[in-house]
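Chemist: Model the following, please.
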Amino acid sequence: MGTFTHTPAPTDAEKLAAAQAVALKRLNDAYDAAARPLVRDYPEVERLGWTQQLSEATAYQAWLDAGEQGEAPATPALAGILRGRNGTTGTETLADLCRAVLTRADAMIQWQEFTGVRHRGEWTINDAQTPDEALAVTWEKLVAE
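Modeler: Purely as a prediction, here's the structure:
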């Protein structure tokens, strides 16, 4: 004669937690898929410095646009990048690098907007009261709002 093992049915709280985990995984996967084309050529470590690069490039470009009045703004991150890009024989200027950073800024801004959409989705999933509410949260619905 075999043994009998009773496995209790999952509680409502366990069902909700499982649905939230599935919904959050789907959301994060969709976020990655949407963001990947924007950041595909940049390693994660480099992306961590984008905010600093954009801040410095914006300040430096504003200084240039104002006719180089007063002291140039500090650009330690961009100066370091420029030294690496130029090596001993390069001719790229700080103004050139700033233009390149500002051109790339559109992708950075779109990526940040996608990050905000992902946050909103996570909050909605976490606030769900039922498994169906949690599973109803999709990337497609969030970006359409």
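Chemist: how far is the lowest-mean-pLDDT helix or strand in the chain from where the chain is centred?
Modeler: Lowest on mean pLDDT, DSSP states H and E among the helices and strands of the chain sits helix 44-47, with a mean of 78. For helix 44-47, the separation from the chain centroid amounts to 11 Å (computed by C-alpha atoms, centre = their mean, to the nearest Å).
Chemist: so what does the helix or strand residue 33 falls within touch, helix or strand wise?
Modeler: Under the criterion of DSSP states H and E, residue 33 resides in helix 12-39. Where contact means 3 or more C-beta pairs under 8 Å, 6 or more residues apart in numbering; DSSP states H and E, helix 12-39 is packed against helix 94-127, helix 131-135, helix 139-144. No exception for glycine: its C-beta is placed from N, CA and C like everyone else's.
Chemist: got those as a markdown table, with mean neighbour count, distance to residue 43 and mean pLDDT columns?
Modeler: Formatted as a markdown table, those follow (neighbours: other C-beta atoms under 10 Å; distance: least, C-beta to C-beta, whole Å; pLDDT from 0 to 100):
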| stretch | mean neighbour count | distance to residue 43 | mean pLDDT |
| --- | --- | --- | --- |
| helix 94-127 | 16 | 14 | 90 |
| helix 131-135 | 16 | 33 | 97 |
| helix 139-144 | 13 | 24 | 94 |
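Chemist: Relative to residue 56, which of the ones you listed is closest?
Modeler: helix 94-127 (7.8 Å; C-beta to C-beta).
Chemist: what's that closest one packed up against?
Modeler: Partner elements for helix 94-127 (3+ C-beta pairs under 8 Å, 6+ apart): helix 12-39, helix 50-65, helix 76-86, helix 139-144.
Chemist: mind checking which of the ones you listed is nearest residue 122?
Modeler: helix 12-39 (6.3 Å).
Chemist: residues of the closest one that come out buried?
Modeler: 16, 19-20, 23-24, 26-27, 30-31, 34-35, 38-39 (16 or more other C-beta atoms under 10 Å).
Chemist: so which one among the residues you listed has the lowest pLDDT?
Modeler: Ranked by pLDDT, the buried residues of helix 12-39 bottom out at residue 39, which has 74.
Chemist: ok, that residue touching residue 109?
Modeler: No - assessed by C-beta atoms under 8 Å, residue 39 is found out of contact with residue 109, at 12.0 Å.
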